[in-house]
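J.: Need a 3D model of the sequence below.
(2 chains)
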Number of protein chains: 2
Amino acid sequence: MSDVPLSDFGRKFSAASGIYELMEDLGQAVSTGGDICMMGGGNPAHIPEVEAVWRRRLREICDTPGAMETMLGDYDTPRGRPEFLKTIAAFFQRTLGWEIDAENIAITTGSQAANFLLFNLLAGPSAGGAKKILFPLVPEYIGYAPQGIAPGLFTAWKPRIEMLGAHQFKYRIEFGDIGDDVAAICLSRPTNPTANVITDDELQKLSDLAAARGLYLIVDNAYGEPFPGAIFRPARTVFGRHVIHTFSLSKLGLPGTRTGIVVANRDIIRRLSIMNASLVLASCSVGECMTQPLFASGEVTALVHEVVRPFYQKRSEQAQAWIAEAFDDALDWRVHACEGAFFLWLWFPGLPISDRELYERLKKRGVLVVPGSYFFPGFDEPWQHKHECLRVTYCAPPDKVRRGIAILADEVKKAYAV
Amino acid sequence: MSDVPLSDFGRKFSAASGIYELMEDLGQAVSTGGDICMMGGGNPAHIPEVEAVWRRRLREICDTPGAMETMLGDYDTPRGRPEFLKTIAAFFQRTLGWEIDAENIAITTGSQAANFLLFNLLAGPSAGGAKKILFPLVPEYIGYAPQGIAPGLFTAWKPRIEMLGAHQFKYRIEFGDIGDDVAAICLSRPTNPTANVITDDELQKLSDLAAARGLYLIVDNAYGEPFPGAIFRPARTVFGRHVIHTFSLSKLGLPGTRTGIVVANRDIIRRLSIMNASLVLASCSVGECMTQPLFASGEVTALVHEVVRPFYQKRSEQAQAWIAEAFDDALDWRVHACEGAFFLWLWFPGLPISDRELYERLKKRGVLVVPGSYFFPGFDEPWQHKHECLRVTYCAPPDKVRRGIAILADEVKKAYAV
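T.: Okay, the predicted model is just below:
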């Protein structure tokens, strides 16, 4: 049966992708445990203070008559639980000042599913020709790359690299032309994988461009404000009928519940919920039920400000200090300005081996990272820089991160020595 | 922005569908509560003995060091939790005798997502022309209808109607030609919406035809064996490299966790898991963690045999008795032989109003059902029979079901009296 013909979509969509390899590595490493330094996937850290909140909530749900029964035993509507939609809309209104209500919200199976639905709703073959999603800045999230139903769904602008001191740098948006084939502009903020937070001015300019051109601007806040709040400097966001924001409970510590949250105008939300019904019937209810009172009371904001953000900021600083220690000044290494998310993005200018080769050598030594070249969706131009970078996370226990960094430095030095 | 151009896929996939209306009605009715007789959606009943098991498991998970932390805080692999995959493969091997292992299993976001992935993996535009999924028997599940990425993804055979006594009937497969454009054959067993269980001979013949033609046979066991076991007469299944089985934890009582389980050959499973990574990154972990020890110990089988199946069988018999009471013998009404699932499929030959009109009249009186004409995916031939049927569930509390049936009988009689 291995020669059973597949559809064109099936052939494309079931071909091995970077995100699949990453998730397989991650899942296998987590389940086998052992002595692996897991610095690859985006699994959030296990923060005891946060887990205490989940345990309390689960016990409350078990002890409240009817609460467990409805969480596990009742389907959501295709848009989510009416009660949660109201609560989270009010939360966004309070914290961000957005004039929205429950009809501006849809729950999806994680923000990965939200992106799949949004990209393909807007881009692909259409009455007006084949349309694309524009990434105004690459590197950009690895998980976007395989999500197009139609081939060639993405296009991207090449960034400008700004050097910062001896061992830092930052990508800047190099504003280019927006072709007639662009249906929407999309970016993650903070950027996965680089830990970049594009500036308020850059974001405003993108929003103005989108509005002027009648395009949607999709902002992926999986690591951003107001939760999990992994942004290490002040940042303003944008809002409007043409702006679609996606959020996730995963990085707050609930990846196992697969809860994505989309804020958009009512037309988009209605379409998303219809698509969601066809795709998955309804989303998983657990994340909504677990967090409902935290959003209602504002407890989530205290948790973000007092626990989650300080945790990741401290981890980031610690990991950067270990990197500075482990790499000689003789070697040309750079870390992207770490302004948020759970990652460090390392650049080794003139690296004599490819990022894939470095990944393989590290994997052999029990250190899992992600090769940088996976993070350039829609950017097919040859560029040596794509093969000189790695993404590492600092969510694993500190001793493992420290050891992983030491092994990484060792392998990079060996590569240059050849 | 309402005139923002959509992709062809977006336009098709975000158009209102029967399953969307059904899920919206269901979710709104469940959340508003009130005095509605909910006989529409497929929400499982709240069975206290089953819910006691979930409560016990949730408490065990809270009390076992690390168990809650991994359930909520760790991503699955794109195929599911390695431990659960092993356990459920062994469970199928023990209960059904299938020679499979963990690599024959993939977890999806409910079986709705499994169907979306399978249908579009196999059918649609391809190197060999446009391929279709064949439903050998309609009526068939409403949720399949909008799942094609490409238009016209489905085709169906017209059934033979066998009359049984004064007020029963049963659909039989009328075996037709399988065109060169067919990529796979699919059926639900028990059938949603009719409560039909196609015979062992019919299923074997479909399997033989598929094998001979090099096609896949997809069997959707959402209501079937070995869980939730809502099959009210003995039934054998089929197995082979060309057979794909889908299962669900929803009808066992866990719709809120969105857990679908696919059993297939390794090539299909590998492709599904890659597609799953692109679509949703990973599935929700909660259903796997909740049920893992139940599948390992076989407790799930005892629960099915002693609680779940008897519960639905008794409810079905009760509802049929109420229908016989409520409808006069003067009126020509028929119920499909109820051999499984949670539904009764009612046929009113010569009904003077459409099924949609009857649905609207019932909704006005607080009774939610599903119009029968939604359940003919791929069958576009005009046929009056399509507009003479309704699907009702008997999962709501008995007093509501009894009242709903009384109102239904009243409205049907009024319709005939006009």
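J.: For the stretch 51-200 of chain A, just list every one of the helices.
T.: Assigned by DSSP state H, counting those that start in this stretch, the helices in the stretch 51-200 of chain A fall at A:67-73, A:82-96, A:110-122, A:200-213.
J.: just checking, what packs against the shortest one?
T.: For helix A:67-73, the helices and strands in contact under the criterion 3 or more CB pairs under 8 Å, 6 or more residues apart in numbering or on different chains; DSSP states H and E are helix A:48-63, helix A:286-297, helix B:48-63. For every residue, glycine as well, the C-beta is placed using N, CA and C.
J.: what's the angle from the last one to helix B:286-297?
T.: The one in question is helix B:48-63. Angle of helix B:48-63 versus helix B:286-297, following axes from the mean of the first three to the mean of the last three CA atoms, to 10 degrees, is 100 degrees.
J.: what pLDDT, on average, does helix B:48-63 get?
T.: Model confidence over helix B:48-63 averages 98 on the pLDDT scale.
J.: hmm, back to that, now mean pLDDT and mean neighbour count too, for the helices of the stretch 51-200 of chain A, in TSV please.
T.: Shown next, in TSV, are the helices of the stretch 51-200 of chain A (pLDDT from 0 to 100; neighbours: other CB atoms under 10 Å in any protein chain shown):
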stretch	mean pLDDT	mean neighbour count
helix A:67-73	97	21
helix A:82-96	97	18
helix A:110-122	97	27
helix A:200-213	97	16
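J.: wait, doesn't A:Leu164 sit right on A:Arg172?
T.: No: if you go by CB atoms under 8 Å, A:Leu164 and A:Arg172 don't touch, sitting 11.1 Å apart.
J.: returning to what we had before: closest to B:Ala15 out of the helices of the stretch 51-200 of chain A?
T.: Closest approach to B:Ala15 among the helices of the stretch 51-200 of chain A (CB to CB): helix A:110-122, 11.5 Å.
J.: Mind giving me the packing neighbours of the closest one?
T.: Counting by 3+ CB pairs under 8 Å, 6+ apart, helix A:110-122 packs on strand A:105-109, strand A:182-188, strand A:216-220, strand A:243-248, strand A:259-263, helix A:266-280, helix B:8-13, helix B:266-280.
J.: Tell me which of those sits nearest to B:Ile105.
T.: Minimum separation from B:Ile105 across the helices and strands packed on helix A:110-122 (CB to CB) falls at helix B:266-280, 6.7 Å.
J.: And that closest one, how far out from the chain middle?
T.: Remark: helix B:266-280 is offset 21 Å from the chain centroid, using CA atoms, centre = their mean, to the nearest Å.
J.: Show me which residues of it are buried.
T.: Going by neighbour count (16 or more other CB atoms under 10 Å in any protein chain shown), the buried part of helix B:266-280 is B:268-280.
J.: Just name the closest of those residues to A:Lys132, please.
T.: Nearest to A:Lys132 out of the buried residues of helix B:266-280 is B:Ser278 (CB to CB; 17.6 Å).
J.: residues contacting that closest one?
T.: A:Phe13, A:Ser17, A:Ile19, A:Tyr20, A:Gln112, A:Phe116, A:Gly143, A:Pro146, A:Gln147 (CB atoms under 8 Å, 6 or more residues apart in numbering or on different chains).
J.: The second one against A:Pro146, yeah?
T.: Yes: with contact defined as CB under 8 Å, A:Ser17 reaches A:Pro146; the gap is 3.9 Å.
J.: Between the two, which contacts overlap?
T.: Common neighbours of A:Ser17 and A:Pro146, using CB under 8 Å, 6+ apart, are B:Ala277, B:Ser278.
J.: quick one: contacts for A:Val219?
T.: Shown in contact with A:Val219 (CB under 8 Å, 6+ apart): A:Cys186, A:Leu187, A:Ser188, A:Arg189, A:Leu203, A:Thr237, A:Val238, A:Val243, A:Ile244, A:His245, A:Thr246.
J.: Output those residues as CSV; include the columns distance to chain B.
T.: Shown next, in CSV, are the contacts of A:Val219 (distance: CB to the nearest CB, whole Å):
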residue, distance to chain B
A:Cys186, 15
A:Leu187, 19
A:Ser188, 14
A:Arg189, 19
A:Leu203, 19
A:Thr237, 19
A:Val238, 15
A:Val243, 10
A:Ile244, 10
A:His245, 15
A:Thr246, 13
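J.: gap between stretch A:245-258 and the chain center?
T.: Distance, centroid of stretch A:245-258 to centroid of chain: 10 Å (CA atoms, centre = their mean).
J.: Can you give me the end-to-end span of that stretch?
T.: Terminal residues of stretch A:245-258 are spaced 17 Å apart (CA to CA, to the nearest Å).
J.: next one: stretch A:227-237
T.: Terminal residues of stretch A:227-237 are spaced 13 Å apart (CA to CA).
J.: Check which residues of that stretch are buried.
T.: Buried residues in stretch A:227-237, defined by neighbour count with 16+ other CB under 10 Å: A:Phe227, A:Pro228, A:Gly229, A:Ala230, A:Ile231, A:Phe232, A:Ala235, A:Thr237.
J.: Need phi/psi at the closest residue to chain B within the stretch 301-418 of chain A.
T.: Proximity of the stretch 301-418 of chain A to chain B (CB to the nearest CB) peaks at A:Cys395, 10.6 Å away. Backbone torsions for A:Cys395, taken as degrees, to the nearest 10, come to phi -90, psi -20.
J.: Toward the C-terminus from the helix or strand of chain A with the lowest mean pLDDT, list the very next helix or strand.
T.: None of the helices or strands of chain A scores lower by mean pLDDT, DSSP states H and E than helix A:18-32, at a mean of 72. As assigned by DSSP states H and E, the chain's next helix or strand after helix A:18-32 is strand A:37-38.
J.: on contacts alone, who are the packing partners of that following strand?
T.: helix A:18-32, strand A:367-368, helix A:398-417.
J.: And for the longest one, what's in contact with it?
T.: Where contact means CB under 8 Å, 6+ apart, the residues beyond helix A:398-417 that reach it are A:37-39, A:315, A:318-319, A:322-323, A:326-328, A:331, A:333, A:346, A:348, A:351-353, A:357-358, A:361-362, A:365-367, A:369, A:390, A:392, A:394, A:396.
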